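> attaching a predicted model along with its sequence, questions to come.
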Amino acid sequence: MKPDKLETEFYDYLVKTVTTTGNSGHILVPKEWIGKKVKILLVEPLGD
């Protein structure tokens with residue numbers, strides 16, 4: 001995997017660690033964000 005660059009405008013951001021839920025992952029965000037569009041970026045390589 002190779003890092004990519006992205007330039008974007010945003011209103012707020014969080015730095016979180018994805019946790020396990022069932023057989024997938026999740027990130028908790030503020031309830032004020034419910035119904036809003038978000039972008040999730042992977043900022044470190046997945047590993048081998």
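Noted; the coordinates are in hand. Numbers count the residues shown, from 1 in each chain.

> and the residue nearest the centre of the chain, helix, strand or coil?
With distances taken as C-alpha atoms, centre = their mean, I40 lies nearest the centre of the chain, 3.0 Å away. Classification of I40 by DSSP: H, G, I helix; E, B strand; the rest coil places it in coil.

> ok, the nearest residue to it once chain neighbours are set aside - how many residues close by?
Leaving aside its chain neighbours, I40 sits nearest to I27 (7.1 Å; criterion: C-beta to C-beta, 6 or more residues apart in numbering). To be clear about C-beta, it is placed using only N, CA and C from the backbone, and glycine gets the same treatment. When neighbours are counted by other C-beta atoms under 10 Å, I27 registers 12.

> roughly how far apart are I27 and L41?
Distance, I27 to L41, using C-beta to C-beta, to the nearest Å: 11 Å.

> which regions of this structure sit below the pLDDT cut-off?
48 (pLDDT under 70).

> surely G25 forms part of a strand?
Yes - counting by three-state DSSP, G25 is part of a strand.

> what separates it from K36, distance-wise?
20 Å.

> what's the span of stretch 3-14, first residue to last?
20 Å (C-alpha to C-alpha, to the nearest Å).

> with stretch 5-24 instead?
Criterion C-alpha to C-alpha; first-to-last residue distance in stretch 5-24 is 26 Å.

> now do stretch 3-11
One end of stretch 3-11 sits 23 Å from the other (C-alpha to C-alpha).

> what comes up buried for it?
Within stretch 3-11, no residue counts as buried by 16 or more other C-beta atoms under 10 Å.

> no further queries at this time; thank you.
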